[in-house]
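S.K.: Whatever this is, show me its structure:
(2 chains, ligands or ions: 2)
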Amino acid sequence: MKLLVAIKRVVDYNVKIRIRPDGSGVDTANLKMSMNPFDEIAVEEAVRWKEQGKAAEVVAVSVGPQGAQDTLRTALAMGADRAILVQTDAEVEPLAVAKILKAIAAQEAPDAVLLGKQAIDDDSNQTGQMLAALLGWPQGTFISEAAPDGAGRVTLVREVDGGLETLSLALPCVLTTDLRLNEPRYASLPNIMKAKKKPLDVTTPEALGVSVAPRLALLKIEAPPARKAGVIVASVAELVDKLKNEAKVL
Amino acid sequence: MRALVLAEHDNRSLKPATAAAVAAALQLGGSVDVLVLGCNAAPAAAAAARLAGVARVRVCDDAVFAEVLAEPAADLIVGLADQYDALLAPATATGKNVMPRVAALLDVQQVSEIVAVVAPDTFVRPVYAGNALATVQSSDAKKVITVRAPAFAPVAEDGAAAVEAVAAPADPGASRFLERRVTESVRPELTAARVVVAGGRGIGSDGAFALVSQLADVLGGAVGASRAAVDAGFIPNDAQVGQTGKIIAPDLYIAVGISGAIQHLAGMKDSKVIVAINKDSEAPIFQVADYGLVADVFEAVPALIERLSA
Ligand SMILES: Cc1cc2nc3c(=O)[nH]c(=O)nc-3n(C[C@H](O)[C@H](O)[C@H](O)COP(=O)(O)OP(=O)(O)OC[C@H]3O[C@@H](n4cnc5c(N)ncnc54)[C@H](O)[C@@H]3O)c2cc1C
Ligand SMILES: Nc1ncnc2c1ncn2[C@@H]1O[C@H](COP(=O)(O)O)[C@@H](O)[C@H]1O
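M.R.: Ligands and ions are numbered 1, 2, ... in the order given. Below is the predicted model:
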């Protein structure tokens, strides 16, 4: 079976972002960029399936600027076989990413596409569901366990509001990862070297026939209201007193 | 402007997030219908009919929706979409699963997790784990929206909308439901509780986590957790608060042994009053806490329980 994994290059989760003073956007120049954490989990899962003999090939895809090649190399160093960069400097919205991934899926004919459940920059949590819709495939979102059964289906566990839900999906399908699916490996130095020689093809949204014209206009971006500074209390007694008499929440 | 809101419910009753999503839908300025997908869902439909401002409740009560799987749910909503200018759902696990599928089938770019309606086509939504608020204007003819419930005051329950049936779609059958493991709890639900006591890695062990639950019980509150506490197995996944867990805004949030990573703050920093108990005075959680207590959990929490139960 062949797996496609979608990975996004985002501002590293440990970096505090800077909002441009004129409210026109977030300044990402010179910030540390990394693979979206959920996508690392998706790559790890795909590579594990390959190592377990459940998958034959893992292809990583990213839509983004030239710098996303670094992110794809990371996926290759983790164990992906090939990579495709759909290069564009535009901010591509989830619907357009889903259309691009659909076009790639048409070329690659994967048995499953793995994505993160959400990108930690736009926090949209849409792309996987949209891709499943466009392909007419079933979707398994927010998964914390998944196992192909070797007979054309995948059994998976989803993290939902009340607990956990187990589904069985027919292949081909779309899966989106939650945090507890696995713990992604660090690429070893030899694997990083090897990754440099693995194939990385570059195409564009135009070549795939997909418009990336935005549907949402960003009118303004601003910092959320700051909380006013609190106080440090000296004791449990003082805390209870403040909660009762000052905050009046008890 | 006509809007349809997908109800969040368990057949017997409505989840409070539904009333918040209806409030957001009413701000679009037109009529609002509620859609209930369920099985033996008459009580939930009746509850939806009581939501103030709702014109009509449309119910698909069918075995297809014994579990709300994304594929048939999206198909049904897309079938009704012609009649509406906006389709909304609370940003619950179900809403987040179903609505983007609907949006893609309608060729619409969804607006996720709105916290304010500026105009019928313009919304505010948090990005970067809530470290920035984006105001976005949608150029799509139809709007597909998920609503962050704590940001909207729920509508009252004094309405009397008409309830009408909707025919069930065929089950595409590619997804099969096998099992649900529900976290049983006698405590109030995390997303609806007035008081939440949340524990982190600092609690140290499964057994010690009982201290957090005891404190929650004394306050009649719900129990929450950081990702680290869930990963460590102290508590089930659905207690996770944060960027990728539940987003809540209770009147009182007590963080115990939680450092305050931005991903955690994303889920609770709109709480009215925040209390932090942590032995490290440098912990970032103190920067958002109204009241901070620099102390060891194992001394402070038992003392707090004792004082509050007295
Ligand atoms: C993509 C992504 C998404 C994430 N989403 C979430 C999310 O939704 N929710 C979330 O919570 N996290 C999330 N995280 C994880 C987050 O970055 C932090 O790792 C996590 O919140 C840390 O949990 P913690 O505060 O319990 O643990 P730690 O950071 O280890 O903090 C433990 C704290 O306990 C204190 N402590 C230790 N012992 C005691 C004692 N005896 N008494 C008092 N205090 C004590 C310590 O001083 C410390 O401050 C996410 C991370 C990523 C990468
Ligand atoms: N530009 C992109 N390139 C590749 N994959 C992406 C891109 N944007 C989103 N994705 C995938 O879609 C998932 C969900 O993203 P989002 O819907 O933006 O929250 C991510 O975790 C990725 O797997």
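S.K.: residues contacting residue A:120?
M.R.: A:10, A:11, A:13, A:36, A:37, A:38, B:128, B:129, B:243 (Cβ atoms under 8 Å, 6 or more residues apart in numbering or on different chains). Glycine gets a C-beta too; all of them are placed from N, C-alpha and C.
S.K.: what's next to stretch B:163-182, contact-wise?
M.R.: The contact list for stretch B:163-182 (Cβ under 8 Å, 6+ apart) reads A:137-140, A:155, A:162-170, A:173, B:35, B:45-46, B:48-49, B:56-62, B:64-67, B:69-72, B:75-76, B:79-80.
S.K.: Apply 6 Å and report the result again.
M.R.: Here stretch B:163-182 makes contact (Cβ atoms under 6 Å, 6 or more residues apart in numbering or on different chains) with A:138, A:162-170, B:45, B:49, B:57-60, B:62, B:64, B:67, B:69, B:71-72, B:75-76.
S.K.: now do stretch A:207-226
M.R.: Contacting residues not belonging to stretch A:207-226 are listed as A:19, A:23, A:25, A:88, A:90, A:92-93, A:96, A:99-100, A:103, A:205, B:109, B:132-140 [Cβ under 6 Å, 6+ apart].
S.K.: Is it possible to mark the buried ones in those residues?
M.R.: For these, a neighbour count by 16 or more other Cβ atoms under 10 Å in any protein chain shown gives the buried set as A:19, A:88, A:92-93, A:96, A:99-100, A:103, A:205, B:109, B:132-138, B:140.
S.K.: and ligand 2, which of these contact it?
M.R.: Contacts with ligand 2 within the buried ones among the contacts of stretch A:207-226, counted by Cβ under 6 Å from any ligand atom: residue A:92.
S.K.: Would you mind listing what in chain A touches ligand 2?
M.R.: So chain A meets ligand 2 at A:6-8, A:36, A:38-39, A:61-64, A:92, A:94, A:97, A:115-116, A:118-119, A:122, A:124-128 (Cβ under 6 Å from any ligand atom).
S.K.: mind putting the contacts of residue A:120 in a markdown table, pLDDT included?
M.R.: Below are these laid out as a markdown table (pLDDT from 0 to 100):
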| residue | pLDDT |
| --- | --- |
| A:10 | 98 |
| A:11 | 97 |
| A:13 | 95 |
| A:36 | 98 |
| A:37 | 98 |
| A:38 | 98 |
| B:128 | 96 |
| B:129 | 95 |
| B:243 | 94 |
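S.K.: my guess is residue B:255 is in a strand, correct?
M.R.: Yes - counting by DSSP: H, G, I helix; E, B strand; the rest coil, residue B:255 is part of a strand.
S.K.: And the pLDDT for it?
M.R.: Residue B:255 carries a pLDDT score of 98 in this model.
S.K.: And for residue B:133?
M.R.: So residue B:133 comes in at 98 (pLDDT).
S.K.: go on, residue B:171?
M.R.: Reported pLDDT for residue B:171: 88.
S.K.: contacts with ligand 1 among the contacts of residue A:120, please.
M.R.: Within the set of the contacts of residue A:120, contact with ligand 1 (Cβ under 6 Å from any ligand atom) is found for A:13, A:37, B:243.
S.K.: quick one: the last one from residue B:88, how far?
M.R.: If I follow you right, that is residue B:243. 22 Å (Cβ to Cβ, to the nearest Å).
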